[in-house]
Every structure is written in structure tokens, then in C-alpha cells.
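Novice: everything below, folded, please.
(chains A, B, C, D, E and F)
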There are 4 protein chains.
Amino acid sequence: MPRYSGDVIRSEAATPGRPRSEAARLAVLHAVDDLLLEQGYAAMTMKGIAERAGVGRQTVYRWWSTKAEILIEATATDARDELVAPVRRSARAELISFLELLARFLTVSPAGLAYRALLGEAQHDAEVAGLLIDTDPLTEAARVVLDRIRPELSRMPDDDLAVAELVGPVIYPILARRGVDHATMIRRQADSLLARWGRT
Amino acid sequence: MPRYSGDVIRSEAATPGRPRSEAARLAVLHAVDDLLLEQGYAAMTMKGIAERAGVGRQTVYRWWSTKAEILIEATATDARDELVAPVRRSARAELISFLELLARFLTVSPAGLAYRALLGEAQHDAEVAGLLIDTDPLTEAARVVLDRIRPELSRMPDDDLAVAELVGPVIYPILARRGVDHATMIRRQADSLLARWGRT
Amino acid sequence: MPRYSGDVIRSEAATPGRPRSEAARLAVLHAVDDLLLEQGYAAMTMKGIAERAGVGRQTVYRWWSTKAEILIEATATDARDELVAPVRRSARAELISFLELLARFLTVSPAGLAYRALLGEAQHDAEVAGLLIDTDPLTEAARVVLDRIRPELSRMPDDDLAVAELVGPVIYPILARRGVDHATMIRRQADSLLARWGRT
Amino acid sequence: MPRYSGDVIRSEAATPGRPRSEAARLAVLHAVDDLLLEQGYAAMTMKGIAERAGVGRQTVYRWWSTKAEILIEATATDARDELVAPVRRSARAELISFLELLARFLTVSPAGLAYRALLGEAQHDAEVAGLLIDTDPLTEAARVVLDRIRPELSRMPDDDLAVAELVGPVIYPILARRGVDHATMIRRQADSLLARWGRT
DNA sequence: CTCTAACCGAGACGGTACGTCACGTCTTGAG
DNA sequence: CTCAAGACGTGACGTACCGTCTCGGTTAGAG
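Specialist: Okay, the predicted model is just below:
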């Protein structure tokens, strides 16, 4: 079970020269993981990452351009894993489970903190925005859940609209406020969506 | 009509020494406004702000600690002004008007870009998070609208929950995706809320 | 007995406006004295002097241009007082007394430390050099001694040459070396001069 | 023939990482040389040196702590070269040659100006004092001359005393006065020393 | 079994922003 | 007109990190 995305070997082309060191790659990814928790995103530096990983500075730059890029690679797999919602009997239970997962992910999980940091950076860095949108694990996970319960909810809109209606009210207060009561919010939100999307 | 928050006279205490230069204060606030549009938040520097304002570096640091602080002071009034929703006949029209205002604010207005940049910074800088939350013009504006239509919507939750349900689905795709169709989303969102919150 | 040069009132012209505050002047001079000992010449600043004196910064600049100027005014009188050589029976005793006075002045006395600091500053600041030369208390004191013993020493050169021969060998090692044995040096120096300048 | 002290190869240890740039080192030393003449010691700044040398600021700080340290390295070799006294037939000629060399060095040579600036700085900066004393080219040169003529002068004291008697009367007026007539002073000084130190 | 090419660590390089400090000037109200 | 206070524009300080470069040394497949 690969810890990091890309752990599967990428190419078989038998390139000449010394092959890329998997040890160095993992050291960098782990270093980023650790530093994010210890110092936070803003205080992380490329220099610090290289030193913590015991790796040359050039080696980092050879494979990644920015700390955002490394962080995405380092946390993508974790994020995806943590956002796999368990299968439930009812649509309501599905929604509640997923939203609770989501709230926990964003407020507690290291991968979730990374996601928020990246989402933040994306607001003033177009390149990060591009990277993040292409690999957004959150939207992906939401879609899985929605697909699962769509048969029961005939009036559910598709695609991005449904995702936004589902995820927005939970994620917004987490990004913009402090100390939100998720539990209540989540139940209300689920009921609201069921009423709007439901069969009748 | 004051352009910047704090334009109202502050104190009459007759402090000793040379009084603070209003010209310098305004020059800095305008410089931040300009630089945000020209270079973006990330590329803005305290040095650059001081130089653009034609002001000493120390003068900037004397009154503000970070570029986030300046940006908040520079855009707070504009943000508040731009988010004043017009009074409409029906609750639905009120909601749609406000959400359209909000979407336009976040995607087009300089003050809105500033808000997004600050919200982004808040994800990895606790101090900015504190500042932003205390002065959040968006939540404030949402509350005004909600208070106005509350009489018609007996099942509307109060406070933060209602704000999140109203604002979240619109703001989330703007922060996390590209090229969203706001118009459709907004109408759906308004109807969804009316159905959930409505009298009968 | 005035503590500082210039303590005597300078003008009687009955100028209009508020007269100069003698209290402020003395506070500045004392502050410079204190700071020289506490922090050394290099660490002293105009700002620090004003604060220590409890005086406005402008008040300092109104009356002095540089810290060197203040220091000269603050120490000139002390320096002159400390370099008054006692009258002795023989030329040899006169010389030895004066040279010992000189060595003590330069290595121990606050005024002597100030003199060395100023002499140092004069090496890379022409303005200080000018001020110092015009008021040099050391040369002045040496001349007094030499005049006193000149009758006994028919071959003594006059003016600057004699001063240099007398003072140079003592002051040079103090400026350019560490931990010199002055006592021996001084006796040798006195004998050397007597032999050279002496009657027969 | 090495232009700067330290031009001799330092070590062969094969340290890891990119080796120090000799070009940068020389650029800094030349910049200091130039700036000393153009602006004087007091007006020289670390920033100015780096810019003149076309070198990063950090590169300067990496190898030197203060401008004094750079100046010592930049002028030590020149100073030593310029103070090599020619061999003469008589002790008197030796002394006169050396003292003339010395006077010229201190009043005309760039290296001599540097020496005076450093000697000045040493009066109020203990660290500079330490550096200067350890490498003092002037004392060194004086000792060479004195050793050469010592056989002829049986009563010459040794070490520091002799150096002070030789050098002090010449250097003192240069430091503390303006426009001295060196030629006369030097001949008198030489005769005085010969009389005192001479055989009989 | 050498050759070649790309990798690796280390760390110096030219830049540039940081936040602080002192400079010397100015602008208040009070004496 | 002076005084204390303190804000002003200027510019150097020493530090940190940027992304690039240049070393010696390693590690593979190709000849």
C-alpha cells in the first residue's frame, strides 16, 4: 500500500545515468509532512525541507518547483484515503457520515491542514490554484458519495452544483470563522439537502 | 463619506509630539490598493508598499505590523459598501440580489480580491485569521439580509448556521474551482433555502 | 568653579524669545559623560544622549552638530585640569611627573578615554580633526611644562618638535599596543630627553 | 607575488560544497581599496562594498565581520611591502630612511591611510584593536630596522621601548596635528636616538 | 571493466525582503 | 525663541531565504 501518490514506478524506459533516488524522494515528502505540523505552512521553506530531509537543495528543486507542489504530492494519498466515506443504509446517513468525515478532515487531520493551506495559497498564487484544482481530493470524494445516493434523490443537480450545495455550508465556516459547532450544522445541512433533492 | 475605515476622528487627547500624518496614512492605503491589483497579494512587500507610497519604511511599521493589516484597513470600508444589498419586495429577490452581489464582489471587485487573499492568508497565519474574523464584512452583510427576511421565514436558523447555509455554496466554488456559473447556482441556492426555511 | 568649559555666560545681548536652558545644556553634557563610560564612544548616539538627558532631540542638534562636539565640550575642562603638572625641583622630576600624569590620563581618566576616542575619530573625520586640534589640551599642557624647564635645557627645540619628542614615545604605545609598562618607559624617556636637550 | 595577504593557498582538505570564489574575494578587497580613497573610512559601508564589488551582501558577511577586517586583509600586504626600509651604510642613514618611509606611508600611501583609519577605529572598538595589534605592520617594520642597527648601538633598549622611542615622535604629530614638517623632525629624532643609544 | 551520463550531498554565489536602528528634520502645544 | 515629544523620509544594519552554480563523489547501463 503506497504511502505517497506516485509510489508506483512511473516509467520503464531504461534511461541512462544514475536513477532517481527513491530514498531522497521519500525523505523530502516525510520532511514536508513533519514540518507542516511543527511549523505550519508559512514557516516552511525549501531550504528547511532540504535540510530536514538530509538532502541537497538542488535535489529538491530538480523534482519540485514549489513547496505547494511537494505538499500536494505528500498529502494527496492521505487525503483521498481519509475522505472515503463508509457506505450507509440511507441517503441521510451517507450525507451525515461524509460531512462529519469532511469536518474532521479539515479541522484535525494533517492532510486536511495541508489542504487548507494549499487552498489558502491558491487564493493568491495562480499556479498553486491550478495544481490544487486538478487534484482536488475533496470534490472527488464528494462526487463519490453523491453518485451513490443519486438514485434516491431524483431532484439532485449534477456535478459541481451538487458538490457546492453539499460541501459549501460546512467548509465555509471552517475557513472563515473559529470554533464552529459542526454536529448541528451537519444534521441540518443533510436534512436541508434531502428536502430539496428528495423524491417527492 | 470616508473612503477608509478610521477616517472618522480618532481622539482628542492632545498627545505630545508631532501628530500622525494623515497624508502618509492615506498614501499607504492607496499604495496597497494599487499594488494588490498590479502585482497581487503574494508579490506585495512592505518595502514595495513604502516605496510606492513615498513613505519611510519605519512609518509603515509604526502603524501596521503586516501587509494583511494594511489591506484590511484599506479595503474594509469598500467591502462594506459594496456588500450592502438593495431592499427587494420578496425574500427570494432579497436572497438572489445578495448572492449576486456576493459573487460579483468575490470575483471582480478589488476589495473582494483583497478579501480572498486575506482569507487565504488566514489559513496559514493565525494572526491574520484573528484580524479577519473580527472584521469580516461578508458575514456582517449576510446577517443584515437575513434579519430583513427573517419575518417571512419562520424556520430560518439563527446566526452562524444561516449565514453558512446562505453563503457557503456560493463562496466555496469560487475559492476552490475555476469558472463557475454563478447565475444558475444562485437561483437554485435561493430556492433551496426558501424551501427549507419557508413558512409552511 | 565651572565644571564645563563655556559655563561662563557667553553673551549679554538680551536676545528676544525664551533663553537657552542651562539645565538642558548641563543635562546633555552629563549624559555624554555617563554614556561614554557605560557604552563607549562608538555605541553612543545622538538619540541616546537626548533620551538620557531627558531633553528633546532638536535641543541637542540646536547647539551641537555631532557627538564629538558635545564630547569635546563635556571633557575639555576636565582634561585641562587633570593635565596640570605639579611644579618640581628639577627638570627631570618635571618631565617624569608630567609623563606619568599623561599616561594615567590616557589609560584611566574618563576625560582621557574621551580624548582617545576623539583622536581616533579624527583619523577618519576631518571635521573632528579640526575641532580636536584647535582645543588639544594635551599639547597645551606639554607646552606649559616645557616652558617651565626650558631655562635649564638650552638645546631644547621649540614648539611642536619638543612636544612630539616628549609626548610621542609615551602616547604611541598606548594607542597602538596593549598593556604597556609605562613606568620604565617614562624614566628612560625623561633621561633621553635630558641627555639630548641638556645644557652641556 | 601575492597582492593580498592570504593569497597563499590555505588548505588542501577538499571541503564539500562549492569552493569559495577567489574572484569574489578579490573583488571585495579591491572595492574596499577603492572606496577608502573615494569616500574615506567613515563613509564606507558593508552595503556599499558589496555593491561596488558586484557581490552579494551575504558573501561579504560570510567571510568578514566588519569593514575593519576587510580593510586589514586588503592593505596588510601593501603596508608590509611599503615599510621595507632600504639597507644603508650607517645607523643614522638607516634610521632616517625608515622614518621618512614611515612619514610618507602615513601621510600619502593608501595603505597608510587605511592604517590610520584602523588605528583610529581601534580607539573605540576593542575588536578592531585586537585585530590591528596582532597584525601591526608598522611595529614589525620598525623592529627589522632596529635589529639591523642594534650591533652598533649598545645602549638601545629592546623590544617595545625602542620601537616607541623611534616611532612615537614621528607618528604622534601626524595623528594629532596638521601639516607637520617631517624632514627636520626626522633628522633631529635620528640624532637624538643615536646620542642616547650610541656606543660610547 | 571502463565510459558516460545523470544523480546525490554540500555549500558558496548574486539577489532581495525582512524588521530594526539611528540619522537629521519637521511639527505639535506649552512655557 | 526654546523646550519635550515624537512622527517623518532616508538609508545601513545583519539575517534569512530565494533559485542557481559548482564542487567531489556515487550509481547505474552501454560499449
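
Novice: element containing A:Ala114?
Specialist: A:Ala114 belongs to helix A:110-124 when elements are defined using DSSP states H and E.

Novice: packing partners of whatever helix or strand comes next after that helix?
Specialist: Using DSSP H and E, the helix or strand that follows helix A:110-124 in sequence is helix A:126-135. If you count contacts as 3 or more CB pairs under 8 Å, 6 or more residues apart in numbering or on different chains; DSSP states H and E, helix A:126-135 packs onto helix A:67-82, helix A:110-124. For the C-beta atoms, the positions are set from N, CA and C on the backbone; glycine is no exception.

Novice: okay, now the spatially closest residue to A:Ala27 that is not a sequence neighbour: neighbour count?
Specialist: Among residues not flanking A:Ala27 along the chain, A:Ala53 sits closest, at 3.9 Å (CB to CB, 6 or more residues apart in numbering or on different chains). By other CB atoms under 10 Å in any protein chain shown, the residues close to A:Ala53 number 23.

Novice: what of A:Ile49?
Specialist: Neighbours of A:Ile49 using other CB under 10 Å come to 23.

Novice: that older thread, surely the residue nearest to A:Ala27 and A:Asp34 touch.
Specialist: No: if you go by CB atoms under 8 Å, A:Ala53 and A:Asp34 don't touch, sitting 9.4 Å apart.

Novice: the one residue in chain A that gets nearest to chain D: neighbouring residues, count only.
Specialist: Going by CB to the nearest CB, chain D is nearest to A:Gly56 of chain A, at 9.7 Å. Each residue near A:Gly56 was counted by other CB under 10 Å, and the total is 13.

Novice: the one 10 residues further on now?
Specialist: The burial count assigned to A:Thr66 is 15, neighbours taken as other CB under 10 Å.

Novice: so it versus DNA strand E, what's the distance?
Specialist: 15 Å (CB to the nearest atom of the strand, to the nearest Å).

Novice: that residue and B:Leu131, how far apart?
Specialist: 26 Å (CB to CB, to the nearest Å).

Novice: picking that back up, quick one: residues contacting the residue nearest to A:Ala27.
Specialist: Counting by CB atoms under 8 Å, 6 or more residues apart in numbering or on different chains, A:Ala53 makes contact with A:24, A:27-28, A:30-31, A:60.

Novice: repeat that with 6 Å
Specialist: A:27-28, A:31 (CB atoms under 6 Å, 6 or more residues apart in numbering or on different chains).

Novice: what does A:Gly112 give?
Specialist: A:105-106.

Novice: is any residue of the lowest-mean-pLDDT helix or strand in chain A near chain B?
Specialist: Within chain A, confidence by mean pLDDT, DSSP states H and E is lowest for helix A:182-197 among all helices and strands, at a mean of 88. Yes: Helix A:182-197 reaches chain B (CB under 6 Å from any CB of the partner chain) through A:185, A:192, A:195-196.

Novice: which of these lies closest to chain C?
Specialist: A:Met185 (55.8 Å).

Novice: residue contacts, that closest one?
Specialist: By CB under 6 Å, 6+ apart, the contact set of A:Met185 is B:Leu161.

Novice: against D:His124, how distant is it?
Specialist: For A:Met185 relative to D:His124 (CB to CB), the value is 68 Å.

Novice: for A:Ser154, same thing?
Specialist: For A:Ser154, the distance to D:His124 equals 88 Å [CB to CB].

Novice: what of A:Glu73?
Specialist: Counting by CB to CB, the separation of A:Glu73 from D:His124 is 56 Å.

Novice: what's the burial count for A:Leu194?
Specialist: So A:Leu194, with other CB under 10 Å, has 19 neighbours.

Novice: for it, which non-adjacent residue is closest in space?
Specialist: Take A:Leu194 and drop its neighbours on the chain: the residue closest to it by CB to CB, 6+ apart is A:Arg92, 5.9 Å away.

Novice: can you list contacts of stretch A:115-128?
Specialist: Contacts of stretch A:115-128 (CB under 6 Å, 6+ apart): A:41, A:68, A:129, A:132, B:40-42, B:116-117, B:120, B:123-124.

Novice: one more time with 8 Å
Specialist: A:36, A:40-41, A:66, A:68, A:71-72, A:75, A:79, A:105-106, A:129, A:131-133, A:137-138, A:174-175, B:40-42, B:116-117, B:119-124, B:175-176.

Novice: does it reach DNA strand F?
Specialist: No: using CB under 7 Å from any atom of the strand, stretch A:115-128 never reaches DNA strand F; the gap is at least 10.6 Å.

Novice: flag the shaky bits of chain A, pLDDT-wise.
Specialist: Residue ranges of chain A with pLDDT under 70: A:1-14, A:199-200.
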